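> how does the following fold in three dimensions:
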Amino acid sequence: MGARLKYALSPGGLVDLVAVLPFWLALVLPSDFRFVLVFRMVRFFKIARYSPAMRSLLDVLYRERRALFGCLVITLGTALVAAALMHLAEAKAQPDKLGTIPDALWWSIVTIGTIGYGDVVPITPLGKLIATGTIFMGLILMALPIGIIATAFSEQIHRRDFIVTWGMIAKVPLFAELDAAEIVDISELLRAQLAEPGEIIIREGDHAHSMYFIAAGEVEVTVGKKKVKLGVGQFFGEVAVLKNERRSGTATALTRTSLLALSAQDLHALMKRDPRVAERIKDVVEKRTGNKVVAAKADDAKPRNS
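Residues are numbered from 1 along each chain as shown. Take a look at the predicted model:
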């Protein structure tokens with residue numbers, strides 16, 4: 001019962017109530033009150049429940065509410081000052097349109113909003129000068145909230161991508177023993193990549209620019225006539241990167257696969273910085289190739305054919 005009451009008082013529950021209530025009210029109210037059916041359109045706001053992007057945008061608006069409120073106060077203050085100045089400059093020339101400050105306030109709001117309906121325009125030289133300044137102020141004031149929202153939304157998306165990348169790293173056994181600070185450092189090196197079923201991730205003979213960790217899905221690696229299936233937590237493409245050679249095999253996504261790509265330069269830097277990771281990578285490579293691995297330097301000559 002408590003959970004139901006909590007939902008009924010939540011924003012989502014209130015939206016559901018407003019969306020459904022007009023239907024029942026229309027059955028008992030006179031026809032003149034059927035305009036309440038318009039409120040059924042508020043169900044549109046339920047899209048935020050199913051859209052991550054919409055939820056992110058609403059989170060941004062809530063998080064930046066103080067900055068946006070500050071922009072609103074500055075904008076209203078500027079509109080009031082512009083209205084007062086325009087009233088003083090145009091009151092005698094246009095008493096019907098700018099005879100009072102409230103009348104002039106409509107003009108200033110429309111001008112600052114960069115809409116400019118043209119129903120009220122200054123005709124005196126001083127009024128035109130004031131209008132010019134108001135237009136430029138409007139451009140600045142309209143850019144402020146747009147910049148705040150755009151920057152905050154971009155940060156929100158990057159934060160969500162970072163969380164996704166963190167979860168993907170945690171699934172790789174190679175990084176299982178690393179602490180939070182080390183995972184943060186590695187997450188800055190890795191680049192998330194999505195491969196569709198049948199997509200070729202690396203091709204035999206190509207230059208080895210990166211190695212790949214499988215965070216989700218399945219990959220088939222073909223070397224000559226030998227085929228190996230790799231799953232979550234495994235990695236591939238490291239041999240050619242370590243030896244600074246061309247690819248000796250082809251890797252194809254069998255399912256929709258989430259990958260974490262690590263460039264050759266970053267791989268060498270990571271192995272040099274963390275001996276544990278370097279030792280594990282070398283162990284796996286030696287098991288796959290049967291040869292002891294001696295990593296080439298990141299700034300060696302161009303990859304040579306295998």
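
> isn't Ile109 right up against Ala79?
Yes: the pair Ile109 / Ala79 is scored as a contact, 5.1 Å apart, by Cβ atoms under 8 Å. (Glycine included, C-beta is placed from N, CA and C.)

> who has more neighbours, these two?
Taking neighbours as other Cβ atoms under 10 Å, Ile109 and Ala79 compare with Ala79 leading, 24 against 18.

> Asp206 is in contact with Ala251, correct?
No: using Cβ under 8 Å, Ala251 is not in contact with Asp206, being 10.5 Å away.

> just want to know which of the two has more residues nearby.
Ala251 (25 against 14).

> am I right that the more buried one is in a strand?
Yes: under DSSP: H, G, I helix; E, B strand; the rest coil, Ala251 sits within a strand.

> measure Ile157 to Trp106 for me?
38 Å (Cβ to Cβ, to the nearest Å).

> let me fix that: His209
Applying Cβ to Cβ, the value for His209 to Trp106 is 61 Å.

> how about Leu190, phi and psi?
phi -80, psi 150 (degrees, to the nearest 10).

> got it, and the one 5 residues further on?
With angles defined as degrees, to the nearest 10, Ala195 shows backbone torsions of phi -120, psi 130.

> run through the residues that contact it.
Ile201, Gly217, Val219, Ala253, Arg256, Thr257, Leu259 (Cβ atoms under 8 Å, 6 or more residues apart in numbering).

> my guess is Gly205 contacts Arg247, does it?
Yes: under the criterion of Cβ under 8 Å, Gly205 makes contact with Arg247 at 6.1 Å.

> show me which of the two is the more surrounded one.
Neighbour count, other Cβ under 10 Å: between Gly205 and Arg247, Arg247 has more, with 21 against 12.

> now do the same for the more buried one: its pLDDT.
In this model, Arg247 is scored at 89, pLDDT.

> cool, and the one 3 residues further on?
Thr250 is assigned 93 on the pLDDT scale.

> could you do Val219 as well?
Looking at Val219, the pLDDT reads 94.

> again with Asp103
What the model reports as pLDDT for Asp103 is 90.

> what helix or strand is Lys97 on?
Counting by DSSP states H and E, the element that carries Lys97 is helix 95-98.

> so where do the helices sit in the chain?
Taking DSSP state H as the criterion, the chain carries its helices at 2-8, 11-28, 47-50, 52-63, 65-90, 95-98, 101-112, 125-170, 180-187, 238-243, 264-273, 275-289.

> hey, which of the ones you listed is tucked in deepest?
Burial of those is given as mean neighbour count (mean count of other Cβ atoms under 10 Å); helix 238-243 ranks first at a mean of 23.

> what is it packed up against?
When contacts are defined as 3 or more Cβ pairs under 8 Å, 6 or more residues apart in numbering; DSSP states H and E, helix 238-243 sits against strand 210-216, helix 264-273, helix 275-289.

> which stretch in these has the least confidence?
Checking each of the helices and strands packed on helix 238-243, the one with the poorest mean pLDDT is helix 275-289, at a mean of 73.

> contacting residues around the residue positioned nearest the centre of the chain?
Centroid check for the chain by Cα atoms, centre = their mean gives Ile157 as the closest residue, at 2.3 Å. Contact analysis of Ile157 by Cβ under 8 Å, 6+ apart lists Ser56.

> tell me the domain ranges of the chain?
Listed by automatic domain parsing, the domain ranges of the chain are 2-50, 65-156, 189-289.

> now render those domains as CSV, adding distance to Ser56.
As requested, the domains of the chain are arranged in CSV below (distance: least, Cβ to Cβ, whole Å):
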stretch, distance to Ser56
domain 2-50, 10
domain 65-156, 5
domain 189-289, 17
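
> what about stretch 82-100, start to end distance?
13 Å (Cα to Cα, to the nearest Å).

> same question for stretch 190-198.
So stretch 190-198: terminal residues 23 Å apart, Cα to Cα.

> repeat for stretch 200-210
14 Å.

> number of residues surrounding Cys200?
Let me fix one detail, which is that residue 200 is Ile and not Cys. Residues lying near Ile200 (other Cβ under 10 Å) number 12.
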